[in-house]
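1. got a structure for you, letters missing:
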């Protein structure tokens, strides 16, 4: 997708679990984000299009949200893709689509769950971060 859309920029957010100190987890998150950045650069994506941040074990900042129901999910795609629809079939229908990575956090209630917990038809809140020309899905909350 990034090769096909040369104007798209991405933000890679590094995360860690609750083990370790804050400082250790910030560094760990930075290393993880840097590894993903290097991978994309080796695939031919310009370094100027990639920004990295690390949240360590901290909660994700208050990013914008999209509330709706999962219309389609392709768990076999690489990366996995999701389409969420709000007001399906109505004049005010809105669609959100995005790629999920192994760093995308999935919650059911207050509990972290895996990607396999996502199913079509579920009501979800998608948290994302908008950059100049891209959207990074940071978390999905299943309701």
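-> On my side now, so go ahead. Nothing here was measured: the structure is a model prediction, and the numbers come from that model.

2. what about the longest strand anywhere in the chain, average pLDDT?
-> Ranked by residue count, the top strand of the chain under DSSP state E comes out as strand 65-74. Over the span of strand 65-74, the pLDDT mean works out to 88.

3. Which strands or helices does it pack on?
-> Strand 65-74 sits against strand 80-86, strand 94-100, strand 123-130, with contacts defined as 3 or more CB pairs under 8 Å, 6 or more residues apart in numbering; DSSP states H and E. In short, each C-beta sits where N, CA and C put it, glycine included.

4. With respect to residue 11, which of those lies nearest?
-> With respect to residue 11, and counting by CB to CB, the nearest of the helices and strands packed on strand 65-74 is strand 123-130 at 5.8 Å.

5. in the longest strand of the chain, what's buried?
-> Residues of strand 65-74 classed as buried by neighbour count (16 or more other CB atoms under 10 Å): 66, 68-71, 73.

6. ok, the residue nearest the centre of the chain to residue 47 distance?
-> A centroid search over the chain (CA atoms, centre = their mean) returns residue 137, at 2.5 Å, as the residue closest to the centre. Summarising the geometry, the distance separating residue 137 from residue 47, computed by CB to CB, to the nearest Å, is 22 Å.

7. still on that earlier bit, and of the helices and strands packed on strand 65-74, who's closest to residue 24?
-> Going by CB to CB, the one of the helices and strands packed on strand 65-74 nearest residue 24 is strand 123-130, 23.9 Å.

8. ok, the helix or strand that that closest one is followed by: who's next to it in the sheet?
-> Remark: after strand 123-130, the chain's next helix or strand is strand 135-142, criterion DSSP states H and E. Taking DSSP bridges as the criterion, strand 135-142 sits next to strand 105-108 (parallel), strand 123-130 (antiparallel) in its sheet.

9. okay if I get these as TSV plus mean pLDDT and distance to residue 40?
-> As requested, the strands paired with strand 135-142 are arranged in TSV below (pLDDT from 0 to 100; distance: least, CB to CB, whole Å):
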stretch	mean pLDDT	distance to residue 40
strand 105-108	89	20
strand 123-130	83	17
